[in-house]
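Chemist: The amino acid sequence is not available; the structure is as follows:
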């Protein structure tokens, strides 16, 4: 398990576009907008950037292969620019690459930028997801969509913990309704509508028990971060945000799909969470973590993530959800931004968009969504299927 | 310009498969073989690896998107594995990612592995190359193949320096003949045949003036490196190889294709070379560099690279070539492995395959190709077209 780079790196600027069905905007426009906001926020100029990491997963129609779209769009003069890709955790990988470059001393200031225009590609989860996973993975997951794969997590969870379909769906509906409420307060979200628990429970089924409002949408967007070594951060701003943990756990195959798998947890989330808490020096996450942005591609993913991150006990997440523990003004607000539920999931951008929310919250700049004095924020970004995935868990805070 | 991580990282193990038209071997077999050789060479076990970087560019048919193919094939238990991609410099990016992780302290031991099975994908340079580059790049490069783009560099070079077609082609033929000679001595090369200057000059034209033997082939292969912090390297082996410079320069668009471009150099190579020499503390590269592995996708690329890396004077490379300066037992042997000319170019693997040759030469283990007491080896890995590309220049040596 990597030891990490706790408190060696600070975020000094961030940018994020409004997410949505941006048919009338190019990838270039989104890249420029996220970048301009980030460098203005950091108070730096383009020439100050030593190296960059670009996150893009499936959008080769718009951005092409390689990292070249980023320097071409921004006229970054001959600096190193690296493309990273790791399924739906691609944006978190861009952030991690920039942080390692700064922590290693290779760069003083690095840029991480993720962009994806899913609408233009016609991307809809299938058949793209199985194609993306290559020949063997197509054999492993014949004829299954992303909603289908995550729905199995929900049926397993209901069965394992003895929840009736009605009770289970009500818990999931609470999660989606909460995220829609948060998103309604966020001008950068794609969907900004309050949706009631009753509406969510009555919605058309996509893959039982997941209905329309249990699934995140397909959106376009970009997000960016500027990082430097922690010791230099105060030269740029009075309120930098420090990187406390950067961890990724990747499945080595079918462990989670093994016959002994309980089907109600995602092993890489458990592993990345343990590693991140160790790196950040957190021994009581339920007491110490102030807020979360988790990968709510489906409402059930958010539910099991609470338990996998040791924030709720095993089987205890439904009770916490219904008690308001994860609501905007609960004990640990989850997805105060509105989450993937409200933003959709432009793959290369999402991980950075999560850090953006934690950064603004830690600086007290989250406007109508502002939480009361948060200190530590955790982001959780998942790529793949529950039984086989990559999970990034990052922790950031506003004190060294 | 990034400052770099000179002497902070060491290579303690490497592996490389035989390259070729490996129709009867899977990507998994290649990954396993390169990995097993690397960990056996390092004297470590799988469990010692903290994090990994996986290089793959176009081979999503065999390996799928994301990094997941690597841990699934090798059963790496939940460690972070990141996929990087940067056109034909993808293998060098995997190496750089692993080195930064170690230099930052995030990992103690990291793996970089690149694999590509081009034959199975039907990849042949066109239309794949233009598709890969996205919509805008297709507009920038209408109807041009890789041989066509690099051929323009050759016609420009002949014109600029007043070489007759006969004289120019003879210089290029010397380069290819030299590489074929070196490759004939290398059991891991794809093509192991001596080819005379006369045969090369009489070969069918692919894109004038480049003939069949001026172009590298399309191959399958994998290569791997194990790195740790330099201070720990002697715990693993008596002859580690130290990283002196890791630099990448990416075009910001059309600078090289600007109307003022002389058409006889590749600007990112110039920039990455300057940065790498600065990082490694090299002020007289023609005296100090012992040997090279350069990106001879075409013979003309190797010719201009000599000048772009300040090893030959502007316009002086043909004289050096014909004097044997870059031959196997010349002053600065270039592509002692046989180069892309003899290995072909499995994109994700090539950058690591270049480091593999430098590593073996520095350890005195290059068998029939062994050079006399080399101290500093440079690798040059180019992705894209001459007017718009990413170039990686790494320097490794056997002394701290």
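Modeler: Here it is on my side, so go on. Keep in mind that this is a model prediction, so the values were computed, not measured.
Chemist: which stretches of the stretch 301-400 of chain A form strands?
Modeler: A:376-385, A:388-397 (DSSP state E, counting those that start in this stretch).
Chemist: just chain A next, same as before
Modeler: A:9-16, A:51-55, A:81-85, A:109-117, A:205-207, A:210-211, A:220-229, A:241-250, A:291-293, A:376-385, A:388-397 (DSSP state E).
Chemist: which strands and helices sit next to the first one?
Modeler: So the one you mean is strand A:9-16. Under the contact criterion of 3 or more C-beta pairs under 8 Å, 6 or more residues apart in numbering or on different chains; DSSP states H and E, strand A:9-16 touches helix A:27-42, helix A:90-103, strand A:220-229, strand A:241-250, helix A:347-362. C-betas here are computed from N, CA, C, even on glycine.
Chemist: hey, which of the ones you listed is tucked in deepest?
Modeler: Each of the helices and strands packed on strand A:9-16 was scored by mean neighbour count; the highest is helix A:90-103, a mean of 32, by mean count of other C-beta atoms under 10 Å in any protein chain shown.
Chemist: what's the closest of the strands of chain A to residue A:267?
Modeler: Across these, residue A:267 has its closest neighbour in strand A:241-250 (7.8 Å, C-beta to C-beta).
Chemist: And the average pLDDT for the closest one is what?
Modeler: Strand A:241-250 carries an average pLDDT of 97.
Chemist: In its sheet, which strands sit next to it, and in what direction?
Modeler: Within its sheet, and counting by DSSP bridges, strand A:241-250 is paired with strand A:9-16 (antiparallel), strand A:388-397 (antiparallel).
Chemist: Count the neighbours of residue A:263 for me.
Modeler: Number of residues near residue A:263 (other C-beta atoms under 10 Å in any protein chain shown) recorded here: 16.
Chemist: what about it, distance to residue A:297?
Modeler: Using C-beta to C-beta, to the nearest Å, residue A:263 is found at 17 Å from residue A:297.
Chemist: all helices of the stretch 151-300 of chain A, in order?
Modeler: Ranges of helices in the stretch 151-300 of chain A, per DSSP state H, counting those that start in this stretch, are A:165-184, A:197-202, A:267-280, A:285-288, A:299-308.
Chemist: how about the first one: buried residues?
Modeler: By that I understand helix A:165-184. For helix A:165-184, the buried set under the neighbour-count rule, 16 or more other C-beta atoms under 10 Å in any protein chain shown, comprises A:168-184.
Chemist: Low-confidence stretches in chain A?
Modeler: A:1-2, A:61, A:122-143, A:254-259 (pLDDT under 70).
Chemist: Swap in 90 and give it another go.
Modeler: In the predicted model of chain A, residues A:1-4, A:57-69, A:72, A:77, A:118-146, A:149, A:251-261, A:384-385, A:387-388 satisfy pLDDT under 90.
Chemist: Does residue A:230 touch residue A:396 like I think?
Modeler: No: assessed by C-beta atoms under 8 Å, residue A:230 is found out of contact with residue A:396, at 11.5 Å.
Chemist: shared neighbours of these two, which are they?
Modeler: Shared contacts of residue A:230 and residue A:396, defined by C-beta atoms under 8 Å, 6 or more residues apart in numbering or on different chains, comprise A:242, A:243.
Chemist: quick one, which of the two is more surrounded?
Modeler: Neighbour count, other C-beta under 10 Å: between residue A:230 and residue A:396, residue A:396 has more, with 25 against 21.
Chemist: Quick check: the more buried one vs residue A:95, distance?
Modeler: Applying C-beta to C-beta to residue A:396 and residue A:95 gives a distance of 10 Å.
Chemist: out of the helices of the stretch 151-300 of chain A, nearest to residue B:161?
Modeler: Closest to residue B:161 of the helices of the stretch 151-300 of chain A is helix A:267-280 (C-beta to C-beta; 56.3 Å).
Chemist: Between strand A:376-385 and that closest one, find me the angle.
Modeler: Calculated by axes from the mean of the first three to the mean of the last three C-alpha atoms, to 10 degrees, helix A:267-280 forms an angle of 150 degrees with strand A:376-385.
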